[in-house]
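1. Fold the following for me, if possible:
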Amino acid sequence: MNLRKMDEEYYTQYLEFEKNNPWYVARRELILQLISKQDRDKTIVDVGAGSGFNISFLKKKGFKHVFGIEHSKEFIKYAKPCILNSSISRIPLKENSVDIVLCLDILEHIEHEEKAIKEMARILKKDGISIITVPAINSLWSVHDEINKHFRRYNIKRLNDLLKGRFLIIKQTYWNSFLFLPIYMMKLYKRYVSKGYNHDFKERGKFINIISLTIFRIENYIISLGMSLPIGVSLITLAKIKK
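-> Numbering: from 1, shown residues only. This is a model prediction of the structure:
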């Protein structure tokens, strides 16, 4: 198996999925929902910005000062000018210079993630907030995680232990909950039956995409009512800096 070829194919497919896949679309909508009451003049940095779709989305929604940090040169070549090529573990920004930090499915890629949390806390202003999303539940570990070069998946305790002392949790919930069981069964099938070296980014068809997006939006609505979901494929945290 040519893993280098697999990586290249993955990057190409990932970029297309980041634009249109229901999971990414709904996650962007949820992020907007969580910061919708914030002033549009606030400074937002998306650490691990990929090629910048989140940045473009937030700018279209009226946020004026949004930029990103991205370490991967594979993504940087597709990136917008407002993305800096740098590591999240050593962010080239001044202390107390950012109002909102987005860290969306990034921590699992970092071996020593505490360094990233420390940097995020350093650049945030007093009363600044961070939105952190991570893949959840260790039993969901699969080849998809390996292709994505993940070091781990998270539960609430592990993430909160990481944030302790620097952040105060405002809102926390699992997400992608309604599809948890079929996703879990699919991963078990891939692990023990098909045993293929395949990631989960596959085109499911227009009808499946509509159903999936509807389900994600129902979950977003439930979260907007102040409720939290008890289990899910992802874990989402809104936290306030302690300074």
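2. Helix or strand next in line after the lengthiest strand in the chain, which one?
-> In the chain, assigned by DSSP state E, the strand with the most residues is strand 124-135. Using DSSP states H and E, the helix or strand that follows strand 124-135 in sequence is helix 143-147.
3. That following helix - contacts with which helices or strands?
-> Counting contacts by 3 or more C-beta pairs under 8 Å, 6 or more residues apart in numbering; DSSP states H and E, helix 143-147 packs against helix 3-20. C-beta coordinates here come from the backbone N, C-alpha and C atoms, glycine included.
4. What residues of the helix or strand following the helix it packs on count as buried?
-> Counting by DSSP H and E, the element after helix 3-20 in chain order, helix or strand, is helix 22-35. Using 16 or more other C-beta atoms under 10 Å as the test for burial, helix 22-35 gives 22-32, 34-35.
5. which outside residues touch stretch 121-131?
-> Residues from elsewhere that reach stretch 121-131, judged by C-beta atoms under 8 Å, 6 or more residues apart in numbering: 31, 34-35, 38, 45, 91, 93-104, 120, 166-167, 170, 236-243.
6. what about that stretch, average pLDDT?
-> Confidence for stretch 121-131, expressed as mean pLDDT, is 97.
7. can I get the CA coordinates of it in CSV?
-> Taking C-alpha atoms only, stretch 121-131 is exported to CSV below (Å, rounded to 0.1, in the frame of the first residue of the first chain):
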residue,chain,number,x,y,z
ALA,A,121,-4.3,31.0,26.8
ARG,A,122,-1.3,33.3,26.2
ILE,A,123,-2.7,35.1,23.2
LEU,A,124,-6.2,35.6,24.5
LYS,A,125,-7.3,38.9,26.1
LYS,A,126,-8.8,39.0,29.5
ASP,A,127,-12.4,37.7,29.2
GLY,A,128,-11.4,36.1,25.8
ILE,A,129,-13.1,32.9,24.8
SER,A,130,-12.1,29.7,23.0
ILE,A,131,-14.2,27.2,21.1
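8. quick one: it to chain centroid distance?
-> Average the C-alpha atoms of stretch 121-131, do the same for its chain, and the two points are 17 Å apart (C-alpha atoms, centre = their mean, to the nearest Å).
9. same check, this time on stretch 212-223
-> 17 Å.
10. Restrict it to CA atoms and write it as CSV.
-> Extracted in CSV, the C-alpha atoms of stretch 212-223 (Å, rounded to 0.1, in the frame of the first residue of the first chain):
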residue,chain,number,x,y,z
SER,A,212,-27.4,14.2,7.6
LEU,A,213,-27.4,18.0,7.6
THR,A,214,-31.0,18.0,8.9
ILE,A,215,-29.9,15.7,11.8
PHE,A,216,-26.9,17.9,12.6
ARG,A,217,-29.1,21.0,12.5
ILE,A,218,-31.6,19.5,14.9
GLU,A,219,-28.7,18.8,17.3
ASN,A,220,-27.5,22.4,16.9
TYR,A,221,-31.0,23.6,17.8
ILE,A,222,-31.1,21.5,20.9
ILE,A,223,-27.7,23.0,21.9
